[in-house]
Structure formats: structure tokens, C-alpha cells
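In: below is the sequence, then the predicted model.
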Amino acid sequence: MRLVALTRVFARRAGGDAATLVLSVVAFAVVTLCTTVVTGGAFAFFTFTGPNASTYRILALLALILLVIPLASLGGAAARLAARRRDTRLSSLRLLGASAGLVSALTVVESTAVALAGAVVGAAASLLALPLFGLLHFDGRALGGAIWPPFWVFFAVIGAVALLSAVSATIGLRSVVLTPLGVRTRVVGARVRWIRVVIGAVVVIGAYVALSALNLIGGIGGMILIYAVLLGCFAAVLSVLGAVGPVVLRMFGRRWLKRAARPARLIAARTVLDDVKAAWRQVGALSSVSFVAVFAGVGVALTGSDSTSSVARLLAADIRTGVVLTLIMSFAMVACAIGVNQAAAILDRRALYVSLDRVGMPVGVMDAARRRAVMGPLLVVTIGSAVTAAIVMFPLTGYALLVKPLAVGIIAGCLALGIALVWAGLAATRPVLTRVLATGMPDPA
Amino acid sequence: MQNLIEARSLFKDFGPTRALRGVDLAVAAGESVAIMGPSGSGKTTLLHCLAGIETPGAGQVLFDRLGEVVDVAALSDRRRSELRRTAFGFVFQQGLLLPELTAGENVALPLLLLGRPRTDAEAEAARLLTLLGIGDKAGARIGELSGGQQQRVAIARAQAAQPSVVFADEPTGALDSVTSAEVMTALLASTVGSGRALIVVTHDAGVAARCDRTLHMADGVIVEAPARVGEAS
């Protein structure tokens, strides 16, 4: 009963924290909207019949796998933001004698309620968005009504988003020290090891050798072995990106630190180095997407579109559309996640930002430091992964550039658009910073 | 005695609450002034108005900037920010240093903001930290330092741009009595000892006793203001 009563009191007093509350709800709404649309798309592909039906299903599953990473990243960011806004009041409750269990339960209930509200809004928005996605053409016709998933999917997605928030809030609470004297969330970032780079290099070389010997492999084991090798190389290189990413970011971070002459650059470099894994978590989802975009883009440019078979040409065009869609959706989700993460970080560091303003640091410098700390790793990850894919596909990449520059240009343009989208997501959080500075901190006297 | 900074009839309202009710105050170069009073008496608001963090509803804050007297309250937000960066130093209750940066980088930050080359700025930071007895901590992260060491870093940061006035808001509020005395010694030596003015808001009578003058505030007015040393009637 105490839990219910306290939750009601907290809910009524949320007015002063309205901006963060709205941001949390919007973030969960975007997660729900994206999940519903992606699930609807996958269902649509499973209704396809004809010679390429199984290929479409495999491609739909691949796109789903790729989109799960940025989706989880956005969901996690939304859940963390929902939990963070409670920190101060939770530590006050501890001071008043509430047990750690009660405080934890309160956090989980509140975060889940916010997630539920956002999920319902997102599901409602998807009712408007799905007809628009239904206009997309695949397999020679518009997706149309096929993109509408069964009705139970909407409820399942709402439930899953609420569950994700509850789990994330519980995990988040375990990572903070919730004492009566306050909430401490800072942890020392785990170390990343150089051995990852060595293993990564070996795997990339192995994948390159295997891909170069595809003809030989085909001769030994036929098409099934070729598919197995292709998927194996794909999975191996993706896992290498995840393992090597933080090490590479640390390497770049050190270089940025050494060359930083201006305050914003210095702070940005130190922010990246302070917790390389956190920097990677923020943008890492784009590594696989960027890699696949170049990998598939080059492959499609050189194969199906010149085929004499109309079915093959159609499949190639559809793959290109799918790649572009996956790329844009991933970037959109990462942009949202970064926006949410940044808003949460500003609120977390409210006292510090206010103090920096008081000592005369221009808001432009604070903003530039935040922007660089995100855009630096983002560019390294996006461009690095694209270059890795280009190297893996090396002879073909150069050939595709020569014979199909437009197809390669479309992929490059999508990457640039995605980067601009993230930049816009970052810029959208500047008002949070200026509002924090304008509000200042309550002073004791 | 020549005034370095002077408040004339300062009024400040926060909504229906009147935080300052016609406060007058003058502080000279090389002078240390403590402002005491109960919570809500207006002492932090007064400090913020003097430092250009807040603008008063009425009244003037006159600051002698290298012979040119400027009304801080009448400056634009950007000019006040520039003034805080170049002419004022600040020490807060809880250091409020950038945790990602090392101690040396935190101290060098004001100089970098003024456009000084990084090597120069870091050399000056190392010198200031050495003067405050923590030169060996220049490369340490803020989280690796004790509360007292963090306050010394904050004091060094406040000195970096060679300000005329240092404002300290409860600089020892989070420290034990021994560390508090050490930090206050460091603060006085690096400010008043170098000809700067120091204005401290504090609840600690021990801290106030070490300043040249102590002003007491209540309900937005100074209720007790002893004359300056050398000006007593």
C-alpha cells in the first residue's frame, strides 16, 4: 500500500520535471513505433510467394537482427533516463527511512508507468505510420495491407517495451549506490585490451582469405557451403567490430587528447577516454549497419542489376531499398538514443554545468565539447566500419566504384544523411542545456 | 582605502520573495570579507549579484577594472560572462571540477578559455598546484583526490586567470575542521596574500574569523557591518 501511495504522490509532483518526463515518454514512443513498423515489415515479407520468397524471408530476418541493436540501444537509453530523473527524490526517501527495497520498487514502478504511456503513444502513432510504409514497393508491388501485423503484435510490443524499461531500471539501480546520503552513479570504465585488436585483425584477414577463395569453396561444397561461408564471414566481421570498436576509439581518443588545443576539444577527448565502452555503446550500433550497407551495397551494385533475369533485377533493387531503409531507420534510432542519452547526461551534471557557467565558460564551449564527444566516435565508427567493409570486399569495391558509381554514391549519401540526423539529434538537446543554465541550482541562502 | 567592488542599494526579488532589500557593501583590493547569516538571509544572492551571476532588480554593482569603473549589473549577459572569466575567480562548496579532466587540466581550463596555448596553461596550472602543496597531483583525476585536495584544485583554478576578486561560496562546507583550516589558509594566502579581494559566504564562524571583516545578513539586509580596519571611528 505504501508503494501505491508513494507512487501517486510522486506522479502528482512530476510537474516540475515535465521536460524530462516528456522526453522519456517520447523516447519510448519512438521505440514502440520503430519496433511495430519493423515487425510489420518482417510479417509482410513472410507473406511473399514466388521464386524469391525464401530469400526475402532471410533478408527480412537479417534486417531485423541489424535493427535490434540500435533498437535495444534506444530502449536502454529511454529506460535509463526514466530512472535517472528520480535519483534526488529517491535519496531523500532513503534519508526519511524508506527501505532500499521500497525505493527500488518505486523506481521500477515509475519507470514502467512512463514506458507504458510512451508505448501506447507509439503504438497509436504506428497506426498512422504503417499506411505510409505500406506504400513502399517490394517484389514488384506495394506492401499495402501486408505491412499490418496481427493485432496481438501491438499489445506484445507495448508489453515488451514496458518489460524492457522495468528490467533496465532494475539493472540501473544495481549500478548505483543508493545510500541515504545520495545516489552515486559514476563508475570507472572497464579497461579494454589490445589483444582484441590482434584477434580482430586475424578474423578480418581470415574472412578476406575465405571470400577470396569462394570459387574454390563452391567447387568443393556447392552453393550451400558458399552461403555458409558468406554468413560466417559476415557474423565474424560484425563480432570483430564490436570487440575492436572500444580499442579503436581509445586509440583515437588519445590522439585527440594529444592534439587538443582548445577547451572543447580537450573536454571531448577526455570524455571519450573517461569511459570508452560507454562512448562505444552510444554509437556502436552503427558499426554493423554501416558495414552491411557497404557490403550489401557493393554486392548488389555488381550482381543483380545487370542480370538478364527480371526476377534477379527486381531482387537487387529490393535489396538496395532494404539496405537504405535499414540504414536510415538505424541512424534515426541512434539519433534518438543519443538525444535521450545527452539529455540525461545534462540533467545528471546539472550542478557542474551551472558552475561552469558561473565561472564564465561560454555555453558554446560546453555545447561544442558535448557535440565533439559524440560526433568524433560516431565518425570513427561509421567511416571505420564502411572502410572495413570496403577492404573485405576489396577487389569488388573498386570495381563497383568504376562501373556503378551511382549505386555506391547512394549508400555514401545515406551514410552522410544518417550522420546529419545524429547531429540534428544532438542539436535538439541544446535547449535542455540552456534551460538548465537559465534555471541554475537552488541555493541554500 | 580604494574600493575594488561596491554594491549600492541592491534589491533582488525571486517571484514574491524579496531576497535583497537595499544592500550596500564595499570591498577593497587585498581585503577579505566574510558574509554570514541564516539560510535564506540573502547572502548567496548578494554574492551572485556582486559576481554578475544574477542581475539585481535595482541598484548598482561597481567594479574597478584596471582603473575603469564598470556597472556589472548593467552589462549584457555575454559581457558579464566574459567578466567572470577574466576578472573574477570562484570557489564553490563542492569543487565542481570536471571529473573527466586531470587536476592540472581543470586548473588550466580558464587559461585555455582565454586563448592561452595548452603547454603554457598547463605549466601555469602546475605552478599554482605546487604553490598550494599538491603539485604532485597535477596528473591525478578528480575522483582520485580527497575533498581537501579537490578544494585546493578549485582554489588553484580560481587563481589561474589572475582575477581581481575571488568569490567563495561555503568553500569549506564539505570539509572536516582540520582540512577546513588548511583550505582556508591556502585560500587566504593565494588571494589576499596576492593583493586580491576575497568575498566568502559561510556558515562557519571559524572561517569568518580569519577574514578582515564579517558582515551579518538577515532578511535581505546587512544587519551588522563592522568598519574596515583603519576606518574605525
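Out: Looks like it came in fine.
In: you'd agree residue A:340 is up against residue A:81?
Out: Yes. Using C-beta atoms under 8 Å, residue A:340 makes contact with residue A:81 at a distance of 5.2 Å. Bear in mind the C-beta positions are built from the backbone N, C-alpha and C, glycine included.
In: need the residues touching each of those two.
Out: The contact sets of residue A:340 and residue A:81 overlap at A:23, A:24, A:27 (C-beta atoms under 8 Å, 6 or more residues apart in numbering or on different chains).
In: the residue nearest in space to the middle of chain B and residue A:242: what is the separation?
Out: Nearest to the centroid of the C-alpha atoms of chain B, with distances taken as C-alpha atoms, centre = their mean, sits residue B:167, at 1.1 Å. As judged by C-beta to C-beta, to the nearest Å, residue B:167 and residue A:242 stand 48 Å apart.
In: pLDDT score for the residue in chain B positioned nearest to chain A?
Out: Per C-beta to the nearest C-beta, residue B:85 is where chain B lies closest to chain A, at 2.9 Å. Here the pLDDT value assigned to residue B:85 is 89.
In: give the buried residues for stretch A:410-423.
Out: Within stretch A:410-423, the residues that count as buried by 16 or more other C-beta atoms under 10 Å in any protein chain shown are A:410, A:411, A:414, A:415, A:418, A:419, A:421, A:422, A:423.
In: stretch A:213-221 too?
Out: Result for stretch A:213-221 [16+ other C-beta under 10 Å]: buried residues residue A:217.
In: now it: mean pLDDT?
Out: Mean predicted lDDT for stretch A:213-221 stands at 73.
In: please apply the same query to stretch A:59-73.
Out: Mean predicted confidence for stretch A:59-73 is 75.
In: show me the strands in chain B, by range?
Out: B:3-14, B:17-28, B:32-36, B:58-65, B:68-71, B:88-91, B:165-169, B:197-201, B:213-218, B:221-224 (DSSP state E).
In: likewise for chain A?
Out: Going by DSSP E, chain A shows strands at A:137-138, A:141-142, A:177-179, A:182-184.
In: quick one: mean pLDDT over the last one.
Out: The average of the pLDDT scores along strand A:182-184 is 43.
In: likewise the third one?
Out: For strand A:177-179, the per-residue pLDDT values average out at 45.
In: what do you get for stretch A:130-143?
Out: 87.
In: buried ones in it, by neighbour count?
Out: A:130, A:133, A:134, A:136, A:138, A:139, A:143.
In: which residues touch the residue nearest to the centre of chain B?
Out: B:47, B:50, B:51, B:88, B:89, B:90, B:91, B:199.
In: mind doing that once more with 7 Å?
Out: B:47, B:50, B:51, B:88, B:90, B:199 (C-beta atoms under 7 Å, 6 or more residues apart in numbering or on different chains).
In: thinking again about what came up before, biggest separation within the buried residues of stretch A:130-143, which pair?
Out: Within the buried residues of stretch A:130-143, A:130 and A:139 form the most distant pair, 18.2 Å apart (C-beta to C-beta).
In: now the buried residues of stretch A:410-423 in JSON lines, with pLDDT?
Out: Listed next are the buried residues of stretch A:410-423 as JSON lines, based on pLDDT from 0 to 100:
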{"residue": "A:410", "pLDDT": "81"}
{"residue": "A:411", "pLDDT": "82"}
{"residue": "A:414", "pLDDT": "83"}
{"residue": "A:415", "pLDDT": "85"}
{"residue": "A:418", "pLDDT": "85"}
{"residue": "A:419", "pLDDT": "89"}
{"residue": "A:421", "pLDDT": "86"}
{"residue": "A:422", "pLDDT": "87"}
{"residue": "A:423", "pLDDT": "90"}
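In: which one of those sits closest to residue A:255?
Out: Looking across the buried residues of stretch A:410-423 and measuring by C-beta to C-beta, the closest to residue A:255 is residue A:419, at 20.2 Å.
In: roughly how far apart are residue A:205 and chain B?
Out: Distance, residue A:205 to chain B, using C-beta to the nearest C-beta, to the nearest Å: 36 Å.
In: with residue A:380 instead?
Out: From residue A:380 to chain B the distance is 18 Å (C-beta to the nearest C-beta).
In: from what I can see that residue touches residue A:252, true?
Out: Yes. Here residue A:380 lies in contact with residue A:252, judged by C-beta atoms under 7 Å, at a distance of 5.2 Å.
In: contacts only, for residue A:117.
Out: Applying C-beta under 7 Å, 6+ apart to residue A:117 gives the contacts residue A:25.
In: what segments of chain B are helices?
Out: B:43-51, B:77-86, B:103-113, B:118-131, B:147-160, B:177-190, B:205-209 (DSSP state H).
In: those helices: which one's closest to residue A:286?
Out: helix B:103-113 (29.8 Å).
In: and for the closest one, what are the contacting residues?
Out: A:262-263, A:266, A:359, A:361, A:365, B:85, B:97-98, B:118, B:121-122, B:124-126, B:128-129, B:137-140, B:142, B:145, B:153, B:156-157, B:160-161.
In: check contacts around residue B:33.
Out: Counting by C-beta under 7 Å, 6+ apart, residue B:33 has contacts B:27, B:199, B:211, B:212, B:213, B:215.
In: got a list of what the last one touches?
Out: Counting by C-beta under 7 Å, 6+ apart, residue B:215 touches B:25, B:33, B:35, B:222, B:224, B:225.
In: report the beta-bridge partners for the second one.
Out: Counting by DSSP bridges, residue B:33 forms beta bridges with residue B:199, residue B:213.
In: tell me the confidence at residue A:166?
Out: Here the pLDDT value assigned to residue A:166 is 81.
In: near it, how many other residues are there?
Out: The number of residues packed near residue A:166 is 18, by other C-beta atoms under 10 Å in any protein chain shown.
In: circling back to that earlier point, can you pick out the residue with more neighbours from residue A:340 and residue A:81?
Out: A side-by-side neighbour count of residue A:340 and residue A:81, using other C-beta under 10 Å, places residue A:340 first with 29 against 25.
In: that'll do, ta.
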